[in-house]
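Enquirer: Sharing a model that was predicted from the sequence below.
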Amino acid sequence: MVRDIVEVLIENLGVKLEESRIEVLYSMKQIQLNYYPPCPNPDLTVGVGRHSDIGAITVLLQDDIGGLYAKHNNDEEWLEIPPIPGALVIFIGDTIEILSNGKYKSAEHRVRTTSTKSRVSVALFYFPKPTEKIGPLE
Ligand SMILES: O=C(O)CCC(=O)C(=O)O
Ligand SMILES: [Fe+2]
């Protein structure tokens, strides 16, 4: 699935890359299990502070608690990404933003906790090989 996503994104830039060159862009993987305990005063806590992911693509599975927000078009407003049963959230990371010379944006996102329920999420980060030089594709 990640290969298909990256291939389509690169194809849409009008760039032709060999399969092997595309593959190194997402061949490193890291899994992260996040647990957010309930917090009596969520407004005073940072679940995960605002950030964008550094890799190529992030695949995220969140539970049904909610609290994930992303910035849309650099608006002031945070847009909630509601949990949908069975759905995965896909984030474009900084690597793809750089490769596309800014055509694709690495969305800033954050997580808020709630006062009553804990939250769990599973994030799969796909990175380029550490030896890969990342710059705008030509
Ligand atoms: O817990 C989440 O829904 C997102 C976590 C996150 O943004 C991250 O681990 O980079
Ligand atoms: Fe993230």
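Expert: On my side now, so go ahead. Residues are numbered from 1 along each chain as shown. Ligands and ions are numbered 1, 2, ... in the order given.

Enquirer: and residue 6, what helix or strand is that in?
Expert: According to DSSP states H and E, residue 6 maps onto helix 2-11.

Enquirer: How much space separates residue 57 from residue 132?
Expert: According to Cβ to Cβ, to the nearest Å, residue 57 stands 15 Å off from residue 132. Heads up, the C-betas are built off the backbone N, CA and C, glycines and all.

Enquirer: Which one's more surrounded, those two?
Expert: The residue with more neighbours, out of residue 57 and residue 132, is residue 57; 23 against 13, by other Cβ atoms under 10 Å.

Enquirer: Would you mind listing what in the protein touches ligand 1?
Expert: 32, 34, 48, 53, 60, 62, 68, 109, 111, 121, 123 (Cβ under 6 Å from any ligand atom).

Enquirer: Now with 5 Å, please.
Expert: Proximity of the chain to ligand 1, by Cβ under 5 Å from any ligand atom, involves residues 34, 62, 68, 111, 121, 123.

Enquirer: Mind checking which of these are in helices?
Expert: Among the residues of the chain next to ligand 1, DSSP state H puts none in helices.

Enquirer: mind checking the end-to-end distance for stretch 13-24?
Expert: 18 Å (Cα to Cα, to the nearest Å).

Enquirer: should've said stretch 14-22
Expert: 14 Å.

Enquirer: Now the residue sitting furthest away from the middle of the chain. Nearest residue, chain neighbours left out?
Expert: Computed with Cα atoms, centre = their mean, the residue of the chain farthest from its C-alpha average is residue 40, at 27.8 Å. Spatially, and ignoring its direct neighbours in sequence, residue 40 is nearest to residue 115 (5.6 Å; Cβ to Cβ, 6 or more residues apart in numbering).

Enquirer: Sounds good, over and out.
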